[in-house]
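Participant: Sequence below, structure please.
(chains A and B)
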Protein chains: 2
Amino acid sequence: MMAAETALAAPELKQALAETAGTIEAALDALLVESEGPEARLDQAMRYAVLGGGKRLRAFLVMQSAALFAVNPTCAARAAAAVEMLHAYSLVHDDLPAMDNDDLRRGKPSTHRAFDEATAILVGDGLQARAFEVLADPDTHADPQARADLVLAFAAAVGPRGMVGGQMIDMLAEGKALTAPEVTRLQAMKTGRLIQFSAEAGAILGRAPPELRQALARFGRELGAAFQIADDLLDTEASTEQMGKTAGKDREAGKATLVAILGPERARAQAELLAEQAAVHLEPFAERADLLRALARFVVERNA
Amino acid sequence: MMAAETALAAPELKQALAETAGTIEAALDALLVESEGPEARLDQAMRYAVLGGGKRLRAFLVMQSAALFAVNPTCAARAAAAVEMLHAYSLVHDDLPAMDNDDLRRGKPSTHRAFDEATAILVGDGLQARAFEVLADPDTHADPQARADLVLAFAAAVGPRGMVGGQMIDMLAEGKALTAPEVTRLQAMKTGRLIQFSAEAGAILGRAPPELRQALARFGRELGAAFQIADDLLDTEASTEQMGKTAGKDREAGKATLVAILGPERARAQAELLAEQAAVHLEPFAERADLLRALARFVVERNA
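Facilitator: Purely as a prediction, here's the structure:
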């Protein structure tokens, strides 16, 4: 079944996304408790950075892939919350003055503006550690093999060969002319690997056979690539108000995007092709993956 | 057996420390491979931050506690290397302009001076992820239960309730008058928890009974407290050349230390008492823990 053939309409997906966002918000709220000591400022800043924002796309991938293997939703929500903590940390550090120097995130002041730079650095450091702690906790999965596998795949996705390495390339690439393959590789590392992990996480939690885990990994990889192009199109086309973060900033910073290299029409066509290819990997799951198929359409059609 | 009764002389400990430092340097060198892509700058900066420096005190604790349970030294060295990566990341972030703003570390320019601030932020982020990846890798332990336990204890030690939370309190405390119990709590979080984990790690790797793991945790906790006082005494007394980092800086920054509160004599007596108490927890291991006993003496007697 191809993405275009899905029977699910956008309202059903939007409802499912909203439900997941509510579930994850509650999970994050419970996992990020404010302490009594003077370190409470750190807890407050971590909560500021993580709660009340974002589409929770990555959490949705974890929850939906977990549902394919009948994983306990409470356990899946913990893993999904860990992914959102990691994602939030990456945004906090990306926004720092020494990095992208952005004052606005999710429609409110970025963490270093709302608190201060030192606190924002520690927020990122703390959220990363807390994400690993949640994944390794027996409450997330009774089987230590599943927990160790989760941590291993997660660490690889967000480390120097994944997200952090991609961010390094992105910093170095500012103002330089990258080729399309170079941009594709950068984005696969910077944002693709965590999205791929999110789609894979359900298979790890569900102790799924390797071929089904791989199918979800491939779905996630192509979905992540489609998502990034769509995000870059939005950065070009949308207003700051629509985005909830400073729009047009990547272009101003001379950031390498496929939109800049291919032009918006070809970039959009590429994103749509990737979303369709992503959906092909969902065939083994038949109609049980219809929400994931609808998501693949959504990421290239969304306007905020 | 009390620390003072140990039969081991300082030269034997120094030789064992030097051997471990060599083992860990080789393990870190093998675990931090420089990649081919443009992200190689990150790998170079990570290697700069981690290799060729430090007493490797935490690694020594991991190796020695692992030896008590006949853990394969190659596996123990991987866990020890992960701890040193984490420690190095904490130093890189602590030295950032927004934090302690220190230009010197281990006798050479700190990472943000040798590279740049953005790279130094990513070095810390990448080292933390890589440390977790190494701990969760089957090469570190064949039993997933041991790997999951390692990750869980490690994450708790270095997260918002441990190291990062302690760093937050430390930043907030600058120029403020803390009480001795407040300083003790701050330091137990900021440096104590990771030292405690290092001592515990061998018991986790060795699937030791809970009471032996707890004995090592208690040894590590008191050793960590003694170590921190000794470090603060050195900051007051030693030269920048001896320290390999800017000396006298904590006092200038108005940082809260027990040395400032109690005065050097009482602080030294406190450190010596803690080191002796730490050694008491090693009794179950008889003479097999003599190197750990010697270490407890060493941390309060060292002059660099």
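Participant: count of neighbours near residue A:67?
Facilitator: Residue A:67 has 17 neighbours, counted by other C-beta atoms under 10 Å in any protein chain shown. The way it works is simple: take the backbone N, C-alpha and C, and place the C-beta from them, glycine included.
Participant: Correct me if wrong: it contacts residue A:73.
Facilitator: Yes. Between residue A:67 and residue A:73 there is a contact under C-beta atoms under 8 Å: 7.4 Å.
Participant: Report the separation between residue A:76 and chain B.
Facilitator: In this view, residue A:76 and chain B are 18 Å apart by C-beta to the nearest C-beta, to the nearest Å.
Participant: nearest residue to that residue other than its sequence neighbours?
Facilitator: residue A:66 (3.6 Å; C-beta to C-beta, 6 or more residues apart in numbering or on different chains).
Participant: so which helix or strand takes in the one you found?
Facilitator: Using DSSP states H and E, residue A:66 falls within helix A:57-67.
Participant: With residue A:75 instead?
Facilitator: helix A:73-94.
Participant: packing partners for that helix?
Facilitator: When contacts are defined as 3 or more C-beta pairs under 8 Å, 6 or more residues apart in numbering or on different chains; DSSP states H and E, helix A:73-94 packs onto helix A:10-31, helix A:40-50, helix A:57-67, helix A:117-136, helix A:144-158, helix A:163-173, helix A:193-205, helix B:117-136.
Participant: In space, not sequence, find me the middle residue of chain A.
Facilitator: Closest to where the C-alpha atoms of chain A average out (C-alpha atoms, centre = their mean) is residue A:58, at 4.3 Å.
Participant: what residues are up against the residue lying closest to it once chain neighbours are set aside?
Facilitator: Of all residues not flanking residue A:58 in the chain, residue A:198 sits nearest, at 4.2 Å (C-beta to C-beta, 6+ apart). Going by C-beta atoms under 8 Å, 6 or more residues apart in numbering or on different chains, residue A:198 touches A:57-59, A:61-62, A:65, A:80, A:83, A:220.
Participant: again, but for residue A:267
Facilitator: By C-beta under 8 Å, 6+ apart, the residues touching residue A:267 are A:229, A:232-233, A:257-259.
Participant: now, among those residues, which is nearest to chain B?
Facilitator: Set against chain B, the nearest of these by C-beta to the nearest C-beta is residue A:257 (16.3 Å).
Participant: ok, residue A:80 - contacts?
Facilitator: Each residue near residue A:80 by C-beta under 8 Å, 6+ apart is listed here: A:20, A:23-24, A:27, A:56, A:58-60, A:62-63, A:198, A:201.
Participant: so residue A:167 makes contact with residue A:187?
Facilitator: No. Here residue A:167 does not reach residue A:187: they are 10.9 Å apart, not a contact under C-beta under 8 Å.
Participant: Who has more neighbours out of the two?
Facilitator: Shown here are residue A:167 and residue A:187; by other C-beta under 10 Å, residue A:167 has more neighbours (27 against 24).
Participant: Tell me how far the more buried one lies from residue B:287.
Facilitator: Counting by C-beta to C-beta, to the nearest Å, the separation of residue A:167 from residue B:287 is 50 Å.
Participant: which residue packs closest to residue A:231, ignoring adjacent ones?
Facilitator: Nearest residue to residue A:231, sequence neighbours excluded (C-beta to C-beta, 6+ apart): residue A:191, at 7.9 Å.
Participant: quick one: secondary structure of that neighbour?
Facilitator: helix (DSSP: H, G, I helix; E, B strand; the rest coil).
Participant: Neighbours of it, how many?
Facilitator: The tally of other residues near residue A:191 (other C-beta under 10 Å) stands at 23.
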